[in-house]
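**Q** this one's sequence-less:
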């Protein structure tokens, strides 16, 4: 998902605006009840300890979604982390690609 002229064309034709959100670690069962399901339990413990200091409340993500519904442009992608909402700028593939090998 990225901002492109085509996104506005589709929005004008359909009235449907597609936007994306990438929430950071959020206090949900998905994040807090997975320790016993890890392939290597020590990894899960270490990950949970790292995430604990960065957990955000689900309400933070909900507020971000409300903002996005009101103001986000078609095709935009946002990250919500540590109480902040960040609009991403994903470059076009033409700007970032580097051919490694011809196949």
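**A** Perfect, thanks for sending it. On a predicted model such as this, the values are computed, not experimentally measured, just so you know.

**Q** so who does the residue nearest to residue 28 when sequence neighbours are not counted touch?
**A** Nearest residue to residue 28 in three dimensions, chain neighbours excluded: residue 58, at 6.3 Å (CB to CB, 6 or more residues apart in numbering). C-beta coordinates here come from the backbone N, C-alpha and C atoms, glycine included. Counting by CB atoms under 8 Å, 6 or more residues apart in numbering, residue 58 touches 26, 27, 28.

**Q** make it 10 Å
**A** Going by CB atoms under 10 Å, 6 or more residues apart in numbering, residue 58 touches 23, 26, 27, 28.

**Q** distance of it from residue 23?
**A** Relative to residue 23, residue 58 is positioned 9 Å away (criterion: CB to CB, to the nearest Å).

**Q** so what's the most centrally placed residue in the chain bridging to?
**A** Closest to where the C-alpha atoms of the chain average out (CA atoms, centre = their mean) is residue 22, at 1.2 Å. Applying DSSP bridges to residue 22 yields these beta-bridge partners: residue 79.
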